[in-house]
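1. Test case, fold it:
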Amino acid sequence: MYIITDASTPSPLYAKLIGETAQIGWSELERFFAQGKLIWVKGDLDLVSVAETVANDDTKQVTQWLSAGLVERMQAETAADVARGDPELWAVVVSPWVCVQERG
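-> Coordinates of the predicted model:
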């Protein structure tokens, strides 16, 4: 789990990314999946914290999440499940990546 050291004052980047995070439909994400640019954020991880970490190129933290199975490049099986189930999805762009998470 990503922990912000001072939760009362998020970084300017975190605040910016919150403003750019929105609910989105699968049809809008399919092209990013096809390009291999969709990062699936699992579980209770904070979507915006993951995006901030990716934007800051914090390879160590991203590697830990990848190893723990908490984030991954979206796999075909996951994409098929999402397309069938139409869950509530939220996303934020950290070019060239799009971080996406199921909520609900």
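
2. Show the pLDDT at Glu88.
-> Looking at Glu88, its pLDDT reads 95.

3. Report how many residues lie close to Val92.
-> If you count neighbours by other Cβ atoms under 10 Å, Val92 ends up with 26. In this view, the C-beta of every residue, glycine as well, is placed from N, C-alpha and C.

4. tell me which element it is part of?
-> Secondary structure assignment for Val92, by DSSP states H and E: strand 88-94.

5. quick one: buried residues of whatever helix or strand comes next after that strand?
-> Per DSSP H and E, the first helix or strand lying C-terminal to strand 88-94 is strand 97-103. For strand 97-103, the neighbour count (16 or more other Cβ atoms under 10 Å) marks 97-102 as buried.

6. tell me the angle strand 97-103 makes with strand 88-94.
-> Interaxial angle of strand 97-103 relative to strand 88-94 (axes from the mean of the first three to the mean of the last three Cα atoms, to 10 degrees): 160 degrees.

7. returning to that earlier point: tell me which residues of the strand holding Val92 are tucked away?
-> 89-94.

8. what about that strand, distance to the chain center?
-> Distance of strand 88-94 from its chain centroid, counting by Cα atoms, centre = their mean, to the nearest Å, is 6 Å.

9. And for stretch 34-42?
-> That offset, for stretch 34-42, works out to 8 Å (Cα atoms, centre = their mean).

10. Then stretch 50-65?
-> Going by Cα atoms, centre = their mean, where stretch 50-65 is centred and where its chain is centred differ by 11 Å.

11. same question, stretch 68-81
-> The chain centre lies 11 Å from the centre of stretch 68-81; the measure is Cα atoms, centre = their mean.

12. So which residues of the protein form strands?
-> According to DSSP state E, the chain carries its strands in the segments 22-24, 38-41, 71-73, 88-94, 97-103.

13. Of these, which is nearest Thr9?
-> strand 88-94 (19.9 Å; Cβ to Cβ).
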